[in-house]
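Visitor: Provide a 3D model corresponding to the input given below.
(one chain, ligands or ions: 1)
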Amino acid sequence: MSFRKIASIGHPILRAPAREVSRAELGTPAMQRFIDELVDTMRDADGAGLAANQVYEPVRVCAIEVRDNPRYPYKPKIPLTVLVNPILEPLDDELFDNFEGCLSVPDLRGVVPRHVTLRVRAWDRHGNAFDEVARGLSAGTFQHECDHLDGKLFVDRVRDTTTFCTWKEFERHHKQEFVQRVEKLVARFGS
Ligand code: ZN
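Guide: Okay, here's the model as predicted:
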């Protein structure tokens with residue numbers, strides 16, 4: 001197993017749109033090894049997702065996985081998903097308020113409006129077509145990771161800056177209300 005360093009907010013690589021990956025490049029041992037490292041680093045950091053440019057590789061690749069996650073115990077499970085050149089398409093105008101954090105933004109959370117239902121099209125790590133609909137809280141995770149590939153961080157999308165909080169104050173003052181709210185969303189979609 002090998003791990004990559006994670007870039008923190010302020011590093012320019014997080015602000016530059018990542019480039020597309022060609023099918024030939026995706027098939028190389030170097031790219032496949034990189035994807036293994038991306039997944040290992042995400043798991044080691046207890047992330048729900050990790051984008052390639054967060055570990056200093058400016059390519060349109062991200063990994064998403066939610067198992068029993070100590071950072072996000074209320075999140076519904078998502079099997080390991082590697083997206084290459086992903087395209088997101090909201091399927092309606094409904095939004096929900098997601099309380100997000102990010103491995104590249106240490107000790108900060110904030111409320112971000114996210115689409116509730118979206119179509120996700122990409123390649124998987126072997127170049128096969130990935131075409132699924134993501135719903136509910138899981139849809140928020142896909143939007144967060146794909147934003148990274150466009151050089152965007154969740155802090156850019158926080159509309160009410162008074163919602164910014166540390167993880168400790170989230171636990172103390174905001175978690176209970178948020179979890180009650182997202183449990184309704186999860187009950188509606190199962191995700
Ligand atoms: Zn992030």
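Visitor: which stretches of this protein form helices?
Guide: Ranges of helices in the chain, per DSSP state H, are 23-26, 29-44, 136-149, 154-157, 167-169, 175-189.
Visitor: can you put these in a markdown table and add distance to residue 107, mean neighbour count and mean pLDDT?
Guide: Every C-beta, even on glycine, is put in place using the N, C-alpha and C of the backbone. Below are the helices of the chain laid out as a markdown table (distance: least, C-beta to C-beta, whole Å; neighbours: other C-beta atoms under 10 Å; pLDDT from 0 to 100):
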| stretch | distance to residue 107 | mean neighbour count | mean pLDDT |
| --- | --- | --- | --- |
| helix 23-26 | 35 | 13 | 98 |
| helix 29-44 | 18 | 16 | 98 |
| helix 136-149 | 17 | 24 | 96 |
| helix 154-157 | 13 | 17 | 98 |
| helix 167-169 | 6 | 12 | 97 |
| helix 175-189 | 15 | 14 | 91 |
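Visitor: would TSV of those with distance to residue 80 be doable?
Guide: As requested, those are exported to TSV (distance: least, C-beta to C-beta, whole Å):
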stretch	distance to residue 80
helix 23-26	17
helix 29-44	7
helix 136-149	13
helix 154-157	22
helix 167-169	25
helix 175-189	20
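Visitor: between those, which one is closest to residue 109.
Guide: Of all those, helix 167-169 sits nearest to residue 109, with 6.4 Å by C-beta to C-beta.
Visitor: in terms of secondary structure, what does that closest one contact?
Guide: strand 105-115 (3 or more C-beta pairs under 8 Å, 6 or more residues apart in numbering; DSSP states H and E).
Visitor: isn't residue 27 right up against residue 125?
Guide: No: assessed by C-beta atoms under 8 Å, residue 27 is found out of contact with residue 125, at 9.9 Å.
Visitor: so these two - more neighbours on which side?
Guide: Ranked by neighbour count (other C-beta atoms under 10 Å), residue 27 and residue 125 place residue 125 first, with 22 against 13.
Visitor: residue 82 is in contact with that one, correct?
Guide: Yes: using C-beta under 8 Å, residue 125 is in contact with residue 82, at 4.3 Å.
Visitor: in the protein, what helix or strand scores lowest on average pLDDT?
Guide: Lowest on mean pLDDT, DSSP states H and E among the helices and strands of the chain sits helix 175-189, with a mean of 91.
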